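1. Got a predicted model here, sequence first, then my questions.
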Amino acid sequence: MGCGFSRQHVAKTSVSSFDRELLDLKVQRDSLQQYEQRLCDSLEKYVQIARRLVAENQRQRALVVLKLKHALQKSMEQAQNMRFNLEQVLSEIELKQVETDYLHKLRTGTKLLQNIQKNLSIDEIEHLLEETKEAIEFQSRVTEVLGSYSIVETDDESCEEELEELETEMFPSVPKRLEQKDTSQVVEKAQVKRKTPTNSRKQESLLLAS
Amino acid sequence: MSTFRYPPFHSYPPSFTLQPVKTTKEKQLKLWCDLVLSYCKHYKIFKLSLTDSANSPLFVNTSIDRRLSISAIEEVFSRLVSMGYGEWLNKQANICLIYWRRPNEWAQIIYDWVERTGRRKSILTLYEIRFSEDTAEFEFHEMDPELLLKSLQVLESQGKCVIFEGKVSDDLGVKFL
């Protein structure tokens, strides 16, 4: 019991006085519906009685029964009107509830938005964007300089020659026409060619095209 | 509503006498229990009274001139209660609620309907759930009020709704959360 309110307690507190009053309205509507049902049943009974009386040739009594039935019919119409009005009121209430809720949420949302905006001004934003742009430009210049500067002197040409020799040794069928191509691409394609010997012609055309 | 088709054992005279041999009696009780459940489901009957049902076609087969005795019917009902498919409604134990669908299953059906028809956060009377024109095509239309209350109590214990009274009226309403 030390963990605070039980679920039931929380649930009970979510029923307001307004809810109870609304329930009363709905219960009234239900009573009207039940009343209508009773009237409907009585009407049917009267019709049956009238029929029987006519069959027994008791015209006068049948007439009386029919008069009763008509009076009842009027009451039924009144009850229906009342129920209709009540339903209208109930649906208006529901609409108003939705509207109020909507306005409340809108108000909260607007406040939230205003709070967030309080921390920023247009000038600040422009200044911030300028700074960011400069920072990015500086960074790309740094990368460029670092990339183009090689610390160790390497003899690229002789390395490439050696690589070609190695390739010819390992893959004698690869044409030597691929000189200035990306070396990784060449190795990849050559390996593919090895794996699928049946597609040799297709591969060759692929290699020639690249 | 279409006529209910009775299973074959209903035309078999010995079925109407509780058998002494335990294993046979067990099978017999089970057959009767299943029959009660499917009969009630078919005709949407939610409770059976011992005395009234003893004279109904459920427990009387006039064509073979056999009827199940009241004590046997009571045993069948007690068996249903012990399996969780029924509940005695009063202390004298002569009316039994028959759960051809259990309260928690009804609870789920009702809650699904509430969600689908956007009735969450709205207030409904118990009468409305049973009798409004909106619910005419649903299974809980015209269901037994006690059973409805029990099903809603299941939902309440799950925190999905609150059952309460109005300020002026005694009738119960429910608010779905």
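-> Looks like it arrived, so ask away.
2. hang on, B:K175 is in a strand, isn't it?
-> Yes - when DSSP: H, G, I helix; E, B strand; the rest coil is applied, B:K175 is found to be in a strand.
3. residues near it, how many?
-> The number of residues packed around B:K175, counting by other C-beta atoms under 10 Å in any protein chain shown, is 22. (Glycine included, C-beta is placed from N, CA and C.)
4. show me where pLDDT drops low in chain A?
-> A:1-13, A:174-210 (pLDDT under 70).
5. where do the strands sit along it?
-> Counting by DSSP state E, chain A has no strands at all.
6. Where do the helices of it begin and end?
-> Secondary structure of chain A, counting by DSSP state H: helices at A:7-13, A:17-55, A:59-118, A:122-148, A:156-170, A:183-195, A:200-209.
7. So the chain: which segments form each domain?
-> Using chain A. Domains of chain A are assigned by automatic domain parsing as A:2-173, A:176-210.
8. nope, chain B please
-> B:8-98, B:103-176.
9. Quick check: residues of chain B near chain A?
-> Remark: the part of chain B in contact with chain A comprises B:122-125, B:127-128, B:131-132, B:156-157, B:159, B:161-162, B:164-169, B:171, B:173, B:175, B:177, using C-beta under 8 Å from any C-beta of the partner chain.
10. Filter these down to the buried ones and express that as a ChimeraX selection.
-> Here is the ChimeraX command that selects the buried residues among those (16 or more other C-beta atoms under 10 Å in any protein chain shown):
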select /B:122,123,124,125,127,128,131,156,161,162,164,166,169,171,173,175
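11. what's the helix or strand encompassing B:S78 in contact with?
-> Following DSSP states H and E, one finds B:S78 within helix B:70-82. Helix B:70-82 is contacted from outside by B:16-18, B:29, B:32-33, B:36-37, B:48, B:50-51, B:53-54, B:59, B:68, B:86-88, B:93, B:96, B:98-99, using C-beta atoms under 8 Å, 6 or more residues apart in numbering or on different chains.
12. Show me what stretch B:122-131 is in contact with.
-> Counting by C-beta under 8 Å, 6+ apart, A:19, A:22-23, A:26-27, A:30, A:33-34, A:94, B:110, B:135, B:140-143, B:145, B:148-149, B:152, B:171-176 sit against stretch B:122-131.
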